Each structure stands twice: as C-alpha cells, then as structure tokens.
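# Sequence and predicted model, in that order:
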Amino acid sequence: MVQYEGKTVISLQVNGETFEVAVRPSDILLDILREQLGLTSAKAGCLNGDCGACTVIVDGLPAKSCLMLAVEAEGHVILTVEGLGGLAPIQKAFVDADAFQCGYCTSGFLIVCHALKMNYPVLPEEYIIEEWLQSNLCRCTSYQEIRKAVHLMYEIQA
C-alpha cells in the first residue's frame, strides 16, 4: 500500500492526456479536476454522492468524483464532459430532446448516459436505463426528457 504524506505529485490520465498534479492525501478528485486542471463540467452539488453532479467516467464506469480521493484515481482512465469534445451522440440527443433546464445536473447526466452507451452498445431494456439514471438527480425534474434523450442517443450514429 502506498502511503501519502504532505503534498505528493501524482499522475492522472484525464480525457486522453496525462497530468502531473500536486495533491494532499485528503484532496478529492472533484477539486483537482476543477481547481488544478480547469475542467469544470463536474460540479460540486451535495458533496456526499447523492446528486451526481460531480459524475465522471473512471475506467469505463460512472464514478462520483466527490467521493473519490485524487490519489485513488492515479493509474485509472478518467473521462469528463470536456473529453467528449461536443461530439458524443448523447450531447446531440440532449439538445434534440430539450433534456435540461437549469443545466446544473446536465454534465453528470451526460456522463452517466455516455457510460451507459459504452457499456450497452445496443439499447438496453428500460429497467437498465432506469437503474443507470437513478444515480443522478435533476431538481428541475427533466426526467422524461432525459429518458427521451437516452433513446435518441441510440438512434444517433457517432
């Protein structure tokens, strides 16, 4: 087991690039992404893993960056909305389905939906979609539009 003390330089692979960052053992991935790397799509909402606004993809699966220490992310592949580059089918689907209102939760939902498609290349059964979407909250209640966007995502060719 690696023991970290004081500030330690770690290597993070984010959006296809490698970054060297100085972190304290208690720094969460969310703060490092936002403050040191300038990747602000992941948002601080509840800071306890309930809302999903901070969701990123780690090794192909959604992860709450507010619950992950930065040192735990070393050696893993991280993807944020910035890494989608505006070209992911889910981004077009969200626009076409009007699947956002205030937009605070949107990046978390985009990431969860993108990971869903990565893990289920063919439209999964509705209960699987529902299960994946339950990890995030939308205070503006755009859930019907978000579900519609998921279905549209599977119709759009990347």
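Received the coordinates, thanks.
# Where does E20 fall, secondary structure wise?
strand 17-23 (DSSP states H and E).
# Give me the next element, helix or strand, following that strand.
helix 29-31.
# Pull out the buried residues from stretch 66-83.
66, 68-71, 73-74, 76, 78-83 (16 or more other Cβ atoms under 10 Å). No exception for glycine: its C-beta is placed from N, CA and C like everyone else's.
# got the residues you listed as JSON lines, with secondary structure columns?
Formatted as JSON lines, the buried residues of stretch 66-83 follow (DSSP: H, G, I helix; E, B strand; the rest coil):
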{"residue": "C66", "secondary structure": "coil"}
{"residue": "M68", "secondary structure": "coil"}
{"residue": "L69", "secondary structure": "strand"}
{"residue": "A70", "secondary structure": "helix"}
{"residue": "V71", "secondary structure": "helix"}
{"residue": "A73", "secondary structure": "helix"}
{"residue": "E74", "secondary structure": "coil"}
{"residue": "H76", "secondary structure": "coil"}
{"residue": "I78", "secondary structure": "strand"}
{"residue": "L79", "secondary structure": "strand"}
{"residue": "T80", "secondary structure": "coil"}
{"residue": "V81", "secondary structure": "helix"}
{"residue": "E82", "secondary structure": "helix"}
{"residue": "G83", "secondary structure": "helix"}
